[in-house]
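> Task: produce atomic coordinates for the following.
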Amino acid sequence: MTETTQSPGDISLSCRGLVKTYDQGPAPVTVLRGVELTLKRGERLAIVGSSGSGKSTLLNLMGGLDVPTEGEVTLLGHKFSAVDDNLRGQLRNQHLGFVYQFHHLLGEFTALENVALPQMIAGVSKKLAKEKAAHWLEQVGLAPRRAHKPSELSGGERQRVAIARALVNQPACVLMDEPTGNLDRHTAHAIQDLLRELSEKLATSFVIVTHDEQLAEAMDRTLLLQDGLLLEQQG
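Numbering: from 1, shown residues only. The predicted structure follows:
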C-alpha cells in the first residue's frame, strides 16, 4: 500500500486511480493500471522499475505534461482535470520543477540566464529573476560559473544548473527523470549529496525516477512500478 493518512496541508501531490492506455498500433496497450500515490511535503521518493514499465509516463502525468486515460492528479489541492490548459501551465511553472537525464539547458544562454527563465515566464522582472537565479546557483555550488554557457560546463555542472532552474520558483515538488543517468559515479554521488542537503533546507518534495540503486536507497521511500501498479519496495 502507498496510502497514508495526511491532512490536505501535508500533501504536495497525489495520484488516484491513474490509468494510461495508448491506442497506437494494432491493439491498445495499458501502461498504468490504477496507480495510487500520496506525496508528503518535503518527502524524497524514488520510483524504480524495469525499462518500459511506465516510469517516465507516470512522471509526465504527475507533472501535468500528459493526461491520464482514467484517474486524477492533484497538486496542492488543484485537480489537473478541473483546470484549463492555461491554468495547468501556471500551476506547473509555479509549483513544479523538472530535472531530466538530459539537462535541456538552452545553449545560447548562460547558466544564470537558464536558471532565471522560469522566473521571467512567471512575470518576475529581469533584475529580480537574475538575483534569484544567482541565489540558487550559489545554493548548488555554481556561483563562480554563472556566466558560463552549457558548452563550457561539465556534465555534473550542467545538472546542477538544471536543479537550480527547477528550484528557482521554490516549487512544492521537483520531478526528476534519471538525474544521474549520464554522470560518472563520483559526480552522481555529489548530486545525491546535493539533493539530500536541499531537501533538508526546503519543504520541497522530490520524486526521482532512477535505475541508480544507491540514489534510490538515499531517498525516504522507494516504490516499485510493476505491472502498471506502484508497490512498496521491500529491502
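
> From now on I want contacts and neighbour counts done on CA atoms only, so please keep to that.
Fine.

> And what about residue 33, helix, strand or coil?
Look at residue 33: counting by DSSP: H, G, I helix; E, B strand; the rest coil, its state is strand.

> Would you confirm that residue 145 contacts residue 111?
Yes - counting by Cα atoms under 8 Å, residue 145 touches residue 111, with 7.2 Å between them.

> Output the below-cut-off pLDDT ranges for this structure.
1-9, 102-103, 233-235 (pLDDT under 70).

> and with 80 instead?
Residues of the chain meeting the criterion pLDDT under 80: 1-9, 24-25, 100-103, 180-184, 187-188, 190-191, 194-195, 197-203, 233-235.

> What helices and strands are in contact with the lengthiest helix in it?
The longest helix of the chain (DSSP state H) is helix 185-201. Packing partners of helix 185-201 (3 or more Cα pairs under 8 Å, 6 or more residues apart in numbering; DSSP states H and E): helix 155-167.

> which helices and strands does whatever helix or strand comes next after the helix it packs on pack with?
Downstream of helix 155-167, the next assigned helix or strand under DSSP states H and E is strand 173-177. The contact analysis (3+ Cα pairs under 8 Å, 6+ apart) places strand 173-177 against helix 55-62, strand 96-100, strand 205-209.

> Who has more neighbours out of residue 145 and residue 111?
It is residue 111, of residue 145 and residue 111, that has more neighbours when counted by other Cα atoms under 10 Å, with 31 against 18.

> Nearest residue to the middle of this protein?
Geometric centre of the chain, nearest residue: residue 175, 0.9 Å, by Cα atoms, centre = their mean.

> distance from the centroid: which residue in the protein tops it?
Per Cα atoms, centre = their mean, the residue of the chain sitting farthest from its centre is residue 26 (32.9 Å).

> and that one, that's in a helix?
No - per three-state DSSP, residue 26 lies outside any helix segment and is coil.

> From residue 32, how far out is it?
Counting by Cα to Cα, to the nearest Å, the separation of residue 26 from residue 32 is 19 Å.

> Tell me the bridge partners for residue 48.
Beta-bridge partners for residue 48, by DSSP bridges, are residue 224.

> Correct me if wrong: it contacts residue 225.
Yes - with contact defined as Cα under 8 Å, residue 48 and residue 225 form a contacting pair (6.2 Å).

> Now the common contact residues for these two.
Residues touching both residue 48 and residue 225 (Cα atoms under 8 Å, 6 or more residues apart in numbering) are residue 55.
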